[in-house]
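Student: generate a structure from the sequence data that follows.
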Amino acid sequence: MRIKIWIPGAIDVSQTVRIEYTVRNALRFFDPDDSNFEAGHDELYWNVTGDEWEVPIQVASARVRLPPEASDVEARVFTGPVGSTARNATATKIELLFYFDTTQPLGSREGMTLSLAWAPGVIARPTAAEKINLSFRANWIFLIPILSFVVMYQLWRTRGRDPSRMAISPQYEPPEDLTPAEIGTLIDNSPDLRDITASIVDLAVRGYLRIEERESTGLVAWLSGSTYSFELVKDQDEWTELQPDESRLMGALFEGGFRKVVQLDDLKNEFYKHLGPIKDEIFQRLLRLGYYHHRLDKIVQGYVGAGLATTVFLILGLGFFGNSVDALYLPLGLGALAALLTARPCRSSDSASSCPHARYVGHESSSTCWGSRTFSIVSNPTAFAA
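Tutor: Presented below is the predicted three-dimensional model:
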(Lines give C-alpha, C1' and ligand atoms only; values in the text may rest on other atoms or scores of the structure.)
Protein backbone atom coordinates (compact mmCIF):
# COMPACT_ATOMS: atom_id res chain seq x y z
CA MET A 1 0.00 0.00 0.00
CA ARG A 2 1.26 3.47 -0.86
CA ILE A 3 -0.40 6.69 0.31
CA LYS A 4 0.45 10.18 -0.94
CA ILE A 5 -0.61 13.10 1.25
CA TRP A 6 -0.25 16.77 0.34
CA ILE A 7 0.08 19.22 3.22
CA PRO A 8 -0.18 22.93 2.30
CA GLY A 9 2.65 25.09 3.58
CA ALA A 10 4.73 22.16 4.87
CA ILE A 11 8.09 23.91 4.49
CA ASP A 12 10.61 23.80 7.36
CA VAL A 13 7.87 22.81 9.80
CA SER A 14 6.94 19.68 11.72
CA GLN A 15 3.58 18.14 10.87
CA THR A 16 1.77 15.15 12.36
CA VAL A 17 -0.41 13.03 10.11
CA ARG A 18 -2.65 10.36 11.62
CA ILE A 19 -3.85 7.53 9.39
CA GLU A 20 -6.25 4.89 10.67
CA TYR A 21 -6.92 1.71 8.71
CA THR A 22 -7.95 -1.91 9.23
CA VAL A 23 -6.07 -4.85 7.77
CA ARG A 24 -7.71 -8.23 7.22
CA ASN A 25 -5.85 -11.52 7.41
CA ALA A 26 -2.84 -9.87 9.07
CA LEU A 27 -1.97 -12.72 11.45
CA ARG A 28 -0.10 -15.91 10.67
CA PHE A 29 -0.95 -19.24 12.29
CA PHE A 30 1.63 -22.01 12.68
CA ASP A 31 1.11 -25.66 13.52
CA PRO A 32 3.47 -27.47 15.96
CA ASP A 33 5.57 -28.90 13.10
CA ASP A 34 6.36 -25.38 11.89
CA SER A 35 6.79 -23.69 15.26
CA ASN A 36 9.21 -23.45 18.19
CA PHE A 37 6.17 -23.66 20.44
CA GLU A 38 5.07 -27.14 21.47
CA ALA A 39 1.44 -26.41 20.47
CA GLY A 40 2.27 -24.09 17.59
CA HIS A 41 1.93 -20.32 17.73
CA ASP A 42 0.17 -17.29 16.31
CA GLU A 43 2.20 -14.40 14.97
CA LEU A 44 1.96 -10.78 13.97
CA TYR A 45 4.72 -10.11 11.42
CA TRP A 46 4.52 -6.48 10.33
CA ASN A 47 6.67 -4.25 8.15
CA VAL A 48 6.28 -0.98 10.01
CA THR A 49 7.89 1.52 7.66
CA GLY A 50 8.14 -0.20 4.29
CA ASP A 51 11.49 -0.62 2.56
CA GLU A 52 11.17 1.37 -0.66
CA TRP A 53 11.69 4.89 0.64
CA GLU A 54 14.33 6.81 -1.33
CA VAL A 55 14.89 9.19 1.60
CA PRO A 56 16.38 8.09 4.95
CA ILE A 57 14.22 7.73 8.06
CA GLN A 58 15.71 9.35 11.14
CA VAL A 59 13.50 7.70 13.74
CA ALA A 60 10.85 4.97 13.52
CA SER A 61 8.74 3.51 16.30
CA ALA A 62 5.73 1.25 16.75
CA ARG A 63 3.40 0.31 19.59
CA VAL A 64 1.45 -2.96 19.66
CA ARG A 65 -1.25 -3.92 22.17
CA LEU A 66 -1.94 -7.64 22.59
CA PRO A 67 -5.01 -9.20 24.24
CA PRO A 68 -4.50 -9.78 28.00
CA GLU A 69 -4.90 -13.55 27.44
CA ALA A 70 -1.72 -13.69 25.30
CA SER A 71 0.98 -15.84 26.92
CA ASP A 72 4.53 -16.97 26.13
CA VAL A 73 4.99 -13.85 24.01
CA GLU A 74 8.22 -13.53 22.02
CA ALA A 75 9.09 -10.14 20.53
CA ARG A 76 11.68 -9.56 17.81
CA VAL A 77 12.52 -6.64 15.56
CA PHE A 78 14.62 -6.37 12.37
CA THR A 79 16.03 -3.37 10.51
CA GLY A 80 17.74 -2.76 7.20
CA PRO A 81 16.98 -3.64 3.55
CA VAL A 82 14.91 -6.62 2.39
CA GLY A 83 16.27 -9.87 3.87
CA SER A 84 18.40 -8.16 6.49
CA THR A 85 18.70 -9.75 9.95
CA ALA A 86 20.14 -6.62 11.60
CA ARG A 87 18.48 -5.58 14.85
CA ASN A 88 19.26 -1.90 15.25
CA ALA A 89 16.11 -1.39 17.31
CA THR A 90 14.72 -2.23 20.74
CA ALA A 91 11.60 -4.11 21.83
CA THR A 92 10.22 -3.15 25.26
CA LYS A 93 7.18 -4.54 27.09
CA ILE A 94 5.19 -2.36 29.49
CA GLU A 95 2.15 -4.20 30.79
CA LEU A 96 0.08 -5.17 27.71
CA LEU A 97 1.97 -2.88 25.33
CA PHE A 98 5.08 -3.60 23.29
CA TYR A 99 7.19 -0.65 22.13
CA PHE A 100 9.60 -0.91 19.20
CA ASP A 101 12.10 1.91 18.52
CA THR A 102 15.04 2.21 16.14
CA THR A 103 18.42 2.89 17.68
CA GLN A 104 19.94 4.45 14.57
CA PRO A 105 18.59 6.10 11.39
CA LEU A 106 17.36 3.93 8.52
CA GLY A 107 19.04 4.54 5.18
CA SER A 108 17.51 4.67 1.72
CA ARG A 109 15.36 1.57 1.05
CA GLU A 110 15.72 0.36 4.62
CA GLY A 111 12.88 -0.37 7.01
CA MET A 112 11.84 -1.78 10.35
CA THR A 113 9.88 -5.03 10.74
CA LEU A 114 8.50 -6.39 14.02
CA SER A 115 7.47 -9.89 15.01
CA LEU A 116 5.26 -10.88 17.94
CA ALA A 117 4.52 -14.55 18.56
CA TRP A 118 2.32 -16.07 21.29
CA ALA A 119 0.75 -19.36 22.23
CA PRO A 120 -2.40 -20.29 20.26
CA GLY A 121 -5.92 -20.11 21.64
CA VAL A 122 -6.20 -16.37 22.16
CA ILE A 123 -7.56 -15.62 18.71
CA ALA A 124 -9.83 -18.04 16.85
CA ARG A 125 -8.09 -19.47 13.83
CA PRO A 126 -9.92 -19.21 10.50
CA THR A 127 -11.76 -22.24 9.20
CA ALA A 128 -11.04 -23.79 5.80
CA ALA A 129 -14.01 -21.92 4.29
CA GLU A 130 -12.80 -18.64 5.78
CA LYS A 131 -9.29 -19.26 4.40
CA ILE A 132 -10.73 -19.82 0.93
CA ASN A 133 -12.81 -16.65 1.25
CA LEU A 134 -9.82 -14.61 2.42
CA SER A 135 -7.63 -16.01 -0.34
CA PHE A 136 -10.26 -15.19 -2.96
CA ARG A 137 -10.72 -11.63 -1.68
CA ALA A 138 -6.98 -11.07 -1.71
CA ASN A 139 -6.35 -12.57 -5.16
CA TRP A 140 -9.59 -12.05 -7.08
CA ILE A 141 -7.83 -9.99 -9.72
CA PHE A 142 -5.97 -13.11 -10.88
CA LEU A 143 -9.31 -14.43 -12.10
CA ILE A 144 -9.19 -11.84 -14.92
CA PRO A 145 -7.14 -14.06 -17.29
CA ILE A 146 -9.46 -17.02 -16.68
CA LEU A 147 -12.57 -14.90 -17.13
CA SER A 148 -11.13 -13.31 -20.26
CA PHE A 149 -10.34 -16.73 -21.73
CA VAL A 150 -13.80 -18.11 -20.89
CA VAL A 151 -15.56 -15.11 -22.46
CA MET A 152 -13.44 -15.18 -25.60
CA TYR A 153 -13.80 -18.96 -25.90
CA GLN A 154 -17.58 -18.59 -25.68
CA LEU A 155 -17.49 -15.91 -28.38
CA TRP A 156 -15.37 -18.16 -30.57
CA ARG A 157 -17.58 -21.20 -29.95
CA THR A 158 -20.80 -19.34 -30.81
CA ARG A 159 -19.55 -16.84 -33.40
CA GLY A 160 -16.01 -17.64 -34.44
CA ARG A 161 -15.82 -21.37 -35.07
CA ASP A 162 -15.63 -22.32 -38.72
CA PRO A 163 -18.39 -24.56 -40.06
CA SER A 164 -17.37 -27.95 -41.39
CA ARG A 165 -15.98 -27.64 -44.88
CA MET A 166 -18.19 -29.08 -47.59
CA ALA A 167 -16.93 -31.71 -49.98
CA ILE A 168 -14.64 -30.17 -52.59
CA SER A 169 -15.11 -31.26 -56.18
CA PRO A 170 -13.21 -29.89 -59.19
CA GLN A 171 -14.93 -26.91 -60.85
CA TYR A 172 -14.14 -26.39 -64.52
CA GLU A 173 -15.16 -22.75 -64.50
CA PRO A 174 -14.40 -20.10 -61.87
CA PRO A 175 -17.30 -18.75 -59.80
CA GLU A 176 -19.49 -16.41 -61.80
CA ASP A 177 -18.66 -12.68 -61.76
CA LEU A 178 -15.61 -13.09 -59.52
CA THR A 179 -12.13 -11.99 -60.49
CA PRO A 180 -9.11 -14.22 -59.76
CA ALA A 181 -8.04 -11.86 -56.98
CA GLU A 182 -11.49 -12.12 -55.39
CA ILE A 183 -11.44 -15.91 -55.64
CA GLY A 184 -8.01 -16.04 -54.00
CA THR A 185 -9.26 -13.76 -51.24
CA LEU A 186 -12.23 -16.03 -50.56
CA ILE A 187 -9.96 -19.07 -50.32
CA ASP A 188 -7.62 -17.77 -47.60
CA ASN A 189 -9.39 -14.52 -46.62
CA SER A 190 -6.42 -12.43 -47.69
CA PRO A 191 -5.78 -10.59 -50.98
CA ASP A 192 -2.21 -11.77 -51.48
CA LEU A 193 0.23 -10.66 -54.14
CA ARG A 194 -0.19 -13.92 -56.02
CA ASP A 195 -3.95 -13.25 -56.21
CA ILE A 196 -3.22 -9.91 -57.86
CA THR A 197 -0.69 -11.62 -60.15
CA ALA A 198 -3.41 -14.08 -61.17
CA SER A 199 -5.62 -11.12 -62.11
CA ILE A 200 -2.84 -9.74 -64.33
CA VAL A 201 -2.61 -13.08 -66.15
CA ASP A 202 -6.40 -13.20 -66.46
CA LEU A 203 -6.45 -9.70 -67.95
CA ALA A 204 -3.89 -10.84 -70.52
CA VAL A 205 -6.04 -13.88 -71.38
CA ARG A 206 -9.04 -11.58 -71.88
CA GLY A 207 -7.06 -9.34 -74.24
CA TYR A 208 -6.62 -6.20 -72.12
CA LEU A 209 -2.82 -6.43 -72.04
CA ARG A 210 0.00 -8.51 -73.45
CA ILE A 211 2.78 -10.11 -71.39
CA GLU A 212 6.12 -10.70 -73.12
CA GLU A 213 9.14 -12.50 -71.75
CA ARG A 214 12.42 -10.89 -72.68
CA GLU A 215 15.99 -11.99 -72.20
CA SER A 216 17.99 -9.67 -69.99
CA THR A 217 21.50 -8.57 -70.83
CA GLY A 218 24.62 -7.90 -68.82
CA LEU A 219 24.70 -8.30 -65.05
CA VAL A 220 20.87 -8.38 -64.84
CA ALA A 221 20.82 -11.47 -67.07
CA TRP A 222 23.37 -13.21 -64.84
CA LEU A 223 21.33 -12.43 -61.70
CA SER A 224 17.76 -12.98 -62.88
CA GLY A 225 17.85 -14.58 -66.32
CA SER A 226 14.81 -13.15 -68.09
CA THR A 227 12.40 -10.31 -67.42
CA TYR A 228 8.87 -9.39 -68.49
CA SER A 229 7.15 -6.45 -70.06
CA PHE A 230 3.46 -5.49 -70.11
CA GLU A 231 1.92 -3.91 -73.18
CA LEU A 232 -1.44 -2.15 -73.06
CA VAL A 233 -3.83 -3.59 -75.67
CA LYS A 234 -7.16 -1.96 -74.80
CA ASP A 235 -7.27 1.75 -74.00
CA GLN A 236 -8.85 3.14 -70.85
CA ASP A 237 -12.21 3.86 -72.51
CA GLU A 238 -12.56 0.09 -73.06
CA TRP A 239 -12.16 -0.76 -69.37
CA THR A 240 -15.84 -0.22 -68.58
CA GLU A 241 -16.51 -3.95 -68.25
CA LEU A 242 -13.73 -4.45 -65.74
CA GLN A 243 -14.43 -4.84 -62.05
CA PRO A 244 -13.20 -2.02 -59.78
CA ASP A 245 -10.12 -3.93 -58.58
CA GLU A 246 -9.21 -4.83 -62.18
CA SER A 247 -9.63 -1.26 -63.32
CA ARG A 248 -7.48 -0.07 -60.42
CA LEU A 249 -4.89 -2.73 -61.33
CA MET A 250 -4.76 -1.64 -64.97
CA GLY A 251 -4.37 1.96 -63.88
CA ALA A 252 -1.51 1.04 -61.57
CA LEU A 253 0.30 -0.85 -64.34
CA PHE A 254 -0.11 1.72 -67.10
CA GLU A 255 -0.51 4.96 -65.13
CA GLY A 256 -4.17 5.32 -65.99
CA GLY A 257 -3.60 4.39 -69.63
CA PHE A 258 -0.91 6.99 -70.35
CA ARG A 259 1.85 4.38 -70.66
CA LYS A 260 1.62 1.78 -73.39
CA VAL A 261 4.51 -0.45 -72.40
CA VAL A 262 6.00 -0.97 -68.95
CA GLN A 263 8.90 -3.14 -67.87
CA LEU A 264 8.53 -5.37 -64.82
CA ASP A 265 11.74 -3.92 -63.36
CA ASP A 266 10.21 -0.43 -63.54
CA LEU A 267 7.38 -1.53 -61.26
CA LYS A 268 9.53 -2.79 -58.40
CA ASN A 269 9.74 0.52 -56.57
CA GLU A 270 6.38 1.92 -57.66
CA PHE A 271 3.72 -0.77 -57.86
CA TYR A 272 3.62 -1.46 -54.11
CA LYS A 273 2.09 1.99 -53.57
CA HIS A 274 -1.06 0.81 -55.36
CA LEU A 275 -1.49 -2.48 -53.48
CA GLY A 276 -3.51 -0.90 -50.69
CA PRO A 277 -6.19 0.67 -52.94
CA ILE A 278 -6.39 -2.54 -55.03
CA LYS A 279 -6.99 -4.64 -51.90
CA ASP A 280 -9.59 -2.11 -50.74
CA GLU A 281 -11.49 -2.54 -54.00
CA ILE A 282 -11.38 -6.34 -53.66
CA PHE A 283 -12.82 -6.26 -50.16
CA GLN A 284 -15.40 -3.58 -50.99
CA ARG A 285 -16.84 -5.61 -53.85
CA LEU A 286 -16.94 -8.81 -51.82
CA LEU A 287 -18.77 -6.85 -49.13
CA ARG A 288 -21.29 -5.55 -51.66
CA LEU A 289 -21.85 -9.06 -53.03
CA GLY A 290 -22.51 -10.35 -49.51
CA TYR A 291 -19.51 -12.70 -49.23
CA TYR A 292 -18.37 -10.79 -46.14
CA HIS A 293 -20.21 -8.88 -43.46
CA HIS A 294 -17.11 -6.98 -42.31
CA ARG A 295 -13.59 -6.51 -43.59
CA LEU A 296 -11.36 -9.14 -42.04
CA ASP A 297 -8.21 -7.05 -42.08
CA LYS A 298 -9.97 -4.26 -40.17
CA ILE A 299 -11.18 -6.74 -37.54
CA VAL A 300 -7.66 -8.12 -37.09
CA GLN A 301 -6.25 -4.58 -36.95
CA GLY A 302 -8.77 -3.77 -34.24
CA TYR A 303 -7.63 -6.68 -32.10
CA VAL A 304 -3.97 -5.87 -32.68
CA GLY A 305 -4.64 -2.21 -31.87
CA ALA A 306 -6.38 -3.20 -28.65
CA GLY A 307 -3.42 -5.37 -27.72
CA LEU A 308 -0.93 -2.59 -28.42
CA ALA A 309 -3.05 -0.08 -26.50
CA THR A 310 -3.15 -2.45 -23.52
CA THR A 311 0.62 -2.88 -23.71
CA VAL A 312 1.20 0.88 -23.82
CA PHE A 313 -1.21 1.36 -20.92
CA LEU A 314 0.65 -1.21 -18.82
CA ILE A 315 4.05 0.29 -19.62
CA LEU A 316 2.97 3.87 -18.94
CA GLY A 317 1.07 2.82 -15.85
CA LEU A 318 4.10 1.02 -14.48
CA GLY A 319 6.22 4.13 -15.05
CA PHE A 320 3.65 6.44 -13.44
CA PHE A 321 2.53 4.39 -10.47
CA GLY A 322 5.75 2.51 -9.86
CA ASN A 323 5.74 -0.65 -7.82
CA SER A 324 2.53 0.21 -5.97
CA VAL A 325 0.41 -1.57 -8.59
CA ASP A 326 2.82 -4.27 -9.74
CA ALA A 327 0.33 -6.95 -8.70
CA LEU A 328 -2.17 -5.64 -11.26
CA TYR A 329 0.03 -5.97 -14.31
CA LEU A 330 0.43 -9.73 -14.46
CA PRO A 331 -3.31 -10.54 -14.36
CA LEU A 332 -4.24 -7.64 -16.63
CA GLY A 333 -1.52 -8.55 -19.10
CA LEU A 334 -2.49 -12.24 -19.07
CA GLY A 335 -6.14 -11.29 -19.51
CA ALA A 336 -5.34 -9.15 -22.54
CA LEU A 337 -3.13 -11.94 -23.94
CA ALA A 338 -5.90 -14.50 -23.47
CA ALA A 339 -8.33 -12.23 -25.30
CA LEU A 340 -5.94 -11.63 -28.20
CA LEU A 341 -4.97 -15.29 -28.60
CA THR A 342 -8.56 -16.49 -28.71
CA ALA A 343 -9.91 -13.64 -30.82
CA ARG A 344 -10.37 -14.27 -34.52
CA PRO A 345 -13.04 -13.42 -37.10
CA CYS A 346 -15.45 -16.20 -37.89
CA ARG A 347 -16.76 -18.02 -40.89
CA SER A 348 -20.45 -18.68 -41.04
CA SER A 349 -22.77 -20.92 -42.94
CA ASP A 350 -25.79 -19.50 -44.73
CA SER A 351 -27.89 -20.04 -41.61
CA ALA A 352 -25.45 -18.45 -39.17
CA SER A 353 -26.92 -14.98 -39.48
CA SER A 354 -26.15 -14.16 -35.85
CA CYS A 355 -22.42 -13.85 -36.55
CA PRO A 356 -21.52 -10.14 -36.63
CA HIS A 357 -18.07 -10.71 -38.11
CA ALA A 358 -18.91 -13.39 -40.69
CA ARG A 359 -16.06 -14.16 -43.02
CA TYR A 360 -18.40 -14.94 -45.83
CA VAL A 361 -22.08 -15.59 -46.16
CA GLY A 362 -21.98 -19.07 -47.68
CA HIS A 363 -19.04 -21.38 -47.23
CA GLU A 364 -20.41 -23.19 -50.27
CA SER A 365 -18.84 -20.37 -52.30
CA SER A 366 -15.49 -21.09 -50.69
CA SER A 367 -15.78 -24.77 -51.57
CA THR A 368 -16.51 -23.74 -55.15
CA CYS A 369 -13.37 -21.57 -55.16
CA TRP A 370 -11.32 -24.46 -53.82
CA GLY A 371 -12.81 -26.71 -56.49
CA SER A 372 -11.83 -24.23 -59.20
CA ARG A 373 -8.32 -24.05 -57.77
CA THR A 374 -8.13 -27.86 -57.60
CA PHE A 375 -8.91 -28.14 -61.32
CA SER A 376 -6.35 -25.43 -62.10
CA ILE A 377 -3.63 -27.26 -60.16
CA VAL A 378 -4.39 -30.55 -61.92
CA SER A 379 -4.43 -28.97 -65.36
CA ASN A 380 -1.45 -26.63 -64.82
CA PRO A 381 0.61 -27.77 -61.78
CA THR A 382 3.66 -25.59 -62.51
CA ALA A 383 1.62 -22.44 -62.06
CA PHE A 384 1.02 -23.37 -58.42
CA ALA A 385 4.47 -24.72 -57.62
CA ALA A 386 5.16 -21.81 -55.25
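
Student: please count neighbours and contacts with C-alpha atoms only from this point.
Tutor: Noted.

Student: what pLDDT does the model give G207?
Tutor: For G207, the model assigns a pLDDT of 94.

Student: where in the stretch 251-386 of the chain is pLDDT low?
Tutor: Residue ranges of the stretch 251-386 of the chain with pLDDT under 70: 311, 314-386.

Student: the protein: helices as residue ranges?
Tutor: With DSSP state H as the criterion, the chain has helices at 128-139, 144-155, 180-188, 193-205, 218-224, 244-254, 264-267, 275-288, 296-321, 326-342, 363-379.

Student: buried residues, the first one. List them.
Tutor: Read it as helix 128-139. Within helix 128-139, no residue is scored as buried using 16 or more other Cα atoms under 10 Å.

Student: pLDDT of that helix, averaged?
Tutor: 82.

Student: just stretch 39-56 next, same as before
Tutor: Mean predicted confidence for stretch 39-56 is 90.

Student: with stretch 59-77 instead?
Tutor: Stretch 59-77 comes out at a mean pLDDT of 92.

Student: hmm, who's touching that stretch?
Tutor: 48-49, 87, 89-91, 96-106, 112-119, 122 (Cα atoms under 8 Å, 6 or more residues apart in numbering).

Student: and stretch 227-241, by the same measure?
Tutor: Outside stretch 227-241, the residues that reach it (Cα under 8 Å, 6+ apart) are 207-216, 247, 254, 256-257, 259-265.

Student: show the end-to-end separation of that stretch, please.
Tutor: Distance across stretch 227-241, first residue to last, is 30 Å (Cα to Cα, to the nearest Å).

Student: walk me through the domains of the protein.
Tutor: As assigned by automatic domain parsing, the chain contains the domains 27-125, 144-177+290-386, 190-288.

Student: one step back: strands - which of the contacts of stretch 59-77 land there?
Tutor: 89-91, 97-102, 112-118 (DSSP state E).

Student: ChimeraX command to pick out the buried ones of these?
Tutor: The buried residues among the ones in strands among the contacts of stretch 59-77 can be selected in ChimeraX (16+ other Cα under 10 Å) with this line:
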select :89,91,98,100,101,102,112,113,114,116,117,118
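
Student: check the ones in strands among the contacts of stretch 59-77 and tell me the two furthest apart.
Tutor: T102 and W118 (22.9 Å; Cα to Cα).

Student: what about K4, how many neighbours?
Tutor: Using other Cα atoms under 10 Å, the number of residues around K4 comes to 5.

Student: just the one 3 residues further on next, same as before
Tutor: I7 sits with 9 neighbouring residues when counted by other Cα under 10 Å.

Student: give me the pLDDT for it.
Tutor: Reported pLDDT for I7: 80.
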